[in-house]
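Enquirer: need a 3D model of the following:
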Amino acid sequence: MANRGRPKKDGVKPGWTLFRTFLVLHAYNEARAKGNKHYAAIDGAVSAVRSQAPEMPISATEVKRVLARFQSKDSKLSWITTDGIAQGPELDILFDNHKWLAEIAEKFPGILNESSLPGDEFKPRRLRILTIQIGPRPRYPRNNART
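Expert: You can find the predicted model right below:
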C-alpha cells in the first residue's frame, strides 16, 4: 500500500524558486528604499514578480515567507540584490562563460541542455543583470520614529 499524503521531497525545491526569491528581495528592498511602507512594498514585490515572470506563482504570503527566511529581523546579515546593466567588455566576459558552458554540454551530454544556452546569433549590446551578495540587513526606520 502506498504512503498517504504528499510525497516527501526532503526539503528539495526547484531551481526557479531561488530566482523568484531574489526577484522578491530586489523588488521589496527597492520599494522600501523609495519610502513605501511594509505592506505597500509587499504588494509592489508581488506585482514586480508577476510582471517580470508571469508564469511564476507568487502571493503576498509567499513574499512574507521569503522575507522571513532570507531577510530575518533576527539576523544581522541578509542577501542584498542590486540592479545593473552589463555592456562592453563585461558583456563579452558573460558571453564567453556561456560558450564555456556550451563546451561542457558537448562533453557531458545529459547534464546541460544545449538548447537552453544562448548562441552567437543573439548577443545584445546591453544586458540587465542582478548582482547578489551578502551584507548588512537593510534598515527602514519609521519616518515618525524618535531620533
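
Enquirer: lowest mean pLDDT among the helices and strands of the protein, which one is it?
Expert: Confidence across the helices and strands of the chain bottoms out at helix 89-107, with a mean of 71, counting by mean pLDDT, DSSP states H and E.

Enquirer: just the pLDDT for the residue nearest the centre of the chain.
Expert: To find the centre residue of the chain, average its C-alpha atoms and take the closest one (Cα atoms, centre = their mean): that gives Phe22, at 2.3 Å. Model confidence at Phe22, expressed as pLDDT, equals 93.

Enquirer: same thing with the one 5 residues further on?
Expert: According to the predicted model, the pLDDT of Ala27 comes to 95.

Enquirer: the strands in the chain, which residues?
Expert: Per DSSP state E, the chain has strands spanning 77-87, 126-136. These are given in chain order.

Enquirer: the ones you listed into JSON lines, with extra columns for distance to Pro7?
Expert: Where C-beta positions appear, they are placed from N, C-alpha and C, glycine not excepted. Rendered in JSON lines, the data for the strands of the chain read as follows (distance: least, Cβ to Cβ, whole Å):
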{"stretch": "strand 77-87", "distance to Pro7": "29"}
{"stretch": "strand 126-136", "distance to Pro7": "31"}
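
Enquirer: tell me which of these sits nearest to Gly44.
Expert: Closest of these to Gly44 is strand 77-87, at 14.4 Å (criterion: Cβ to Cβ).

Enquirer: what number of residues lie near Trp67?
Expert: Check again: residue 67 is Leu, not Trp. Residue neighbour count, defined by other Cβ atoms under 10 Å, stands at 21 for Leu67.

Enquirer: all set, thanks.
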